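Student: Give me coordinates for this.
(one chain, ligands or ions: 1)
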Amino acid sequence: MEDKVVLLTGAASGIGAATAMLFASKGYKKMALLDLDQAKLEAVATKCREHGAEVMCLFVNLADFDTTKGVVKSVIEKFQTKHKICFKTCFISKQPQYNYVLF
Ligand SMILES: NC(=O)c1ccc[n+]([C@@H]2O[C@H](COP(=O)([O-])OP(=O)(O)OC[C@H]3O[C@@H](n4cnc5c(N)ncnc54)[C@H](O)[C@@H]3O)[C@@H](O)[C@H]2O)c1
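Tutor: Predicted coordinates:
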């Protein structure tokens, strides 16, 4: 698990936050957390770091596809690995709707 990268969208709250903390508690060490909400995302990252994870916080509007692609590329460059675990968090209660895996 040490070399696996976890990339989570919607990681600042709800399912995404719970999933981030679950991965961190299971020993995943390389995590990229994406969300619009900077304050909440930092709080989740702090909890993940308490488990020893290296966490990138990426504040991005996933509705902006080009920016999101660039952010994903930066995650790949940062962690320099081909091993990735991709997770999605969809959100249907807010606009714009978005629901797909980035990789
Ligand atoms: N919680 C449940 O029990 C449950 C059950 C079934 C389905 N769902 C669905 O799963 C999804 C996630 O649920 P949740 O409870 O975790 O929701 P949530 O609102 O707690 O989390 C969604 C996260 O996505 C972020 N976000 C919203 N728009 C964004 C954007 N454009 N770019 C980047 N980040 C953005 C928000 O800041 C928030 O942190 C929702 O669509 C919900 O309807 C939830």
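Student: Check the burial of the residue of the chain found nearest the ligand by counting its neighbours.
Tutor: Here the chain gets closest to the ligand at one residue, residue 14, 2.1 Å apart by C-beta to the nearest ligand atom. Yep, even glycine has a C-beta here, placed from its N, CA and C like the rest. Around residue 14 sit 12 other residues, with neighbours defined as other C-beta atoms under 10 Å.
Student: Point out where the chain drops to low pLDDT.
Tutor: For the chain, applying pLDDT under 70 flags the ranges 1-2, 81-103.
Student: The same query, at a cut-off of 80, please.
Tutor: 1-4, 80-103 (pLDDT under 80).
Student: can you map out the helices along it?
Tutor: Counting by DSSP state H, the chain has helices at residues 14-25, 38-49, 65-79.
Student: Can you tell me which of these is packed in deepest?
Tutor: Comparing the helices of the chain by mean neighbour count (mean count of other C-beta atoms under 10 Å), helix 14-25 comes out on top with a mean of 19.
Student: Give the other helices and strands that it contacts.
Tutor: When contacts are defined as 3 or more C-beta pairs under 8 Å, 6 or more residues apart in numbering; DSSP states H and E, helix 14-25 sits against strand 5-9, strand 30-35, helix 38-49.
Student: ok now the last one, how far from the chain's centre?
Tutor: I take that to be helix 38-49. Relative to its chain's centre, helix 38-49 lies at 11 Å (C-alpha atoms, centre = their mean, to the nearest Å).
Student: Next, the angle strand 30-35 makes with that helix.
Tutor: For helix 38-49 against strand 30-35, the angle by axes from the mean of the first three to the mean of the last three C-alpha atoms, to 10 degrees is 160 degrees.
Student: From here on, call the first residue 559.
Tutor: Right, with 559 as the first residue, what we last looked at is helix 596-607.
Student: what's the angle from helix 596-607 to strand 563-567?
Tutor: Using the same axes, to 10 degrees: helix 596-607 against strand 563-567 is 150 degrees.
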